[in-house]
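Asker: Please work out how this folds:
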Amino acid sequence: MDPVQTLVLPEDHPLHRVQRIAVGVSGVALLVCALAGFGDLTQLLRSYLVAYVFWVGGALGCLAILMIHHVTGGAWGVAIRRLLESGARTLPTMAVLFLPIAFGVRRLYEWAQPERVAHDPLLQHKALYLNVPFFLGRTALYFLAWSLVVRALTRWSLRQDASFDPVPGQRLELISRGGLLLMGLTMTFAAVDWTMSLQPHWYSTIYGVIFMGGCALTAFAIVIPTVAMLSVNPPVAGHVSDDQLSDLGKLLLAFVMLWAYFSLSQFLITWSGNLPEEITWYLDRIQGGWLWVIIAIVFFQFVMPFILLLSYRLKRRARSIANVALMLIVIRFVDVFWIITPAFDPGRFTVHVLDLAAVLALGGFWVWLFVRQLEGRPLLPLRDPTLPVLE
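Answerer: Okay, here's the model as predicted:
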């Protein structure tokens, strides 16, 4: 039998059970959103924005890491390439799911409220860029660019599956070189538009880099538990080596350190400058109970994973590295929550039931879509020239 056919996701695979659980959780959470958000649309939109930025960040991270693999090569990427492609192919659907934010833009962003702009000279000065039509137009352009890149990568990946011709691999590398430059620009502007502009009086030149690093970290935290599950269950069992898992653990550690480095850099530069228009962003996220959230983020998103991922043995055990990644998924959401929520209620720690319901509703749907994208194609790119096991 053709090995390509034997590596298609079977109907009884544990991932399908995860998919069914995700759908059930999403349905219940969606009902909670409908009931709790009926009388508080503004809070529903705020919670949805946090959930949306988190999950779209995972999809964007998958696309970025996929292109990094096509440019650099290596056995590490072969193990997760199909997962990265599946995550990236959720982006067109995520474009549709941006519609609630588009319709609720005036409830979320103060620069979209004419009465606020009329009494704020700085908002008037920024109105040429921060206005609703231009904001929505830019977002549409971002998703169009990302979707075109995903479509091109998918097309040439399918051609590579069909033969050992080296041309598809060369095209994938060429597309990825330009695509990474495009991603750097569009993700930076998306971060500024979607989250930094929630407090338009504040700015940071490193904000986009932190957003991109966080997206990549989220993507690794999603695909590593998935490949760990695949590696211990048929039909992939035996085809993902301990060395590949170790390489993924090393990359996860690298992005943990990258996120910590850029986040600390922004904090130190802002704090040492001690300028009112800059330091207030951190004050809003330290006071009123938020300090404990920062401590949790630093400990669970840097200190603990840094210590654990230094272990040679842990990185070679599927279950152990999966547990570290699952911990990072949770704390990544807390990090996104900490970045966005204080913009609506500065200096006061608040958690609403809709915050949890929205991330579970959207996340359950995203997981269902992610697994669905894996169906019908081999779980490993068997004709990738860098595949170390099956060639």
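
Asker: Nearest spatial neighbour of the residue most central in space within the chain, chain-adjacent residues omitted?
Answerer: Nearest to the geometric centre of the chain sits Gly58, at 1.9 Å (CA atoms, centre = their mean). Leaving aside its chain neighbours, Gly58 sits nearest to Thr218 (4.4 Å; criterion: CB to CB, 6 or more residues apart in numbering). To be clear about C-beta, it is placed using only N, CA and C from the backbone, and glycine gets the same treatment.

Asker: what about that neighbour, helix or strand, and which?
Answerer: If you go by DSSP states H and E, Thr218 is part of helix 207-231.

Asker: so what does that helix touch, helix or strand wise?
Answerer: The contact analysis (3 or more CB pairs under 8 Å, 6 or more residues apart in numbering; DSSP states H and E) places helix 207-231 against helix 14-37, helix 41-72, helix 75-88, helix 167-194, helix 242-273, helix 318-340.

Asker: Check which residues of the following helix or strand past the third one are buried.
Answerer: Read that as helix 75-88. Following helix 75-88 in sequence order, the next helix or strand is helix 91-96 (DSSP H and E). Of the residues in helix 91-96, 91, 94-95 count as buried by neighbour count, 16 or more other CB atoms under 10 Å.

Asker: now the residues you listed as TSV including distance to Asp384?
Answerer: Formatted as TSV, the buried residues of helix 91-96 follow (distance: CB to CB, whole Å):
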residue	distance to Asp384
Leu91	22
Met94	26
Ala95	29
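
Asker: who wins for proximity to Arg155 among the helices and strands packed on helix 207-231?
Answerer: Of all those, helix 167-194 sits nearest to Arg155, with 8.9 Å by CB to CB.

Asker: Pull the contacting residues for the residue nearest to the centre of the chain.
Answerer: Applying CB atoms under 8 Å, 6 or more residues apart in numbering, we find Gly58 in contact with 87, 215, 218-219, 222, 366.

Asker: Low-confidence ranges, this structure, go.
Answerer: Applying pLDDT under 70 to the chain flags the ranges 1-6, 387-391.

Asker: So which of the helices and strands packed on helix 207-231 is nearest Thr154?
Answerer: Of all these, the one in closest proximity to Thr154, counting by CB to CB, is helix 75-88 (6.6 Å).

Asker: Can you show me the CA trace of the closest one as CSV?
Answerer: Taking Å, rounded to 0.1, in the frame of the first residue of the first chain, the C-alpha atoms of helix 75-88 are listed here in CSV:
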residue,chain,number,x,y,z
ALA,A,75,13.8,17.7,10.2
TRP,A,76,12.1,19.6,13.0
GLY,A,77,9.7,21.2,10.6
VAL,A,78,8.8,18.0,8.8
ALA,A,79,7.2,16.6,12.0
ILE,A,80,4.9,19.6,12.3
ARG,A,81,4.5,20.8,8.8
ARG,A,82,1.1,19.4,8.2
LEU,A,83,-0.1,20.9,11.5
LEU,A,84,1.3,24.3,10.6
GLU,A,85,-0.4,24.2,7.2
SER,A,86,-3.7,23.3,8.9
GLY,A,87,-3.4,26.1,11.4
ALA,A,88,-2.5,28.6,8.6
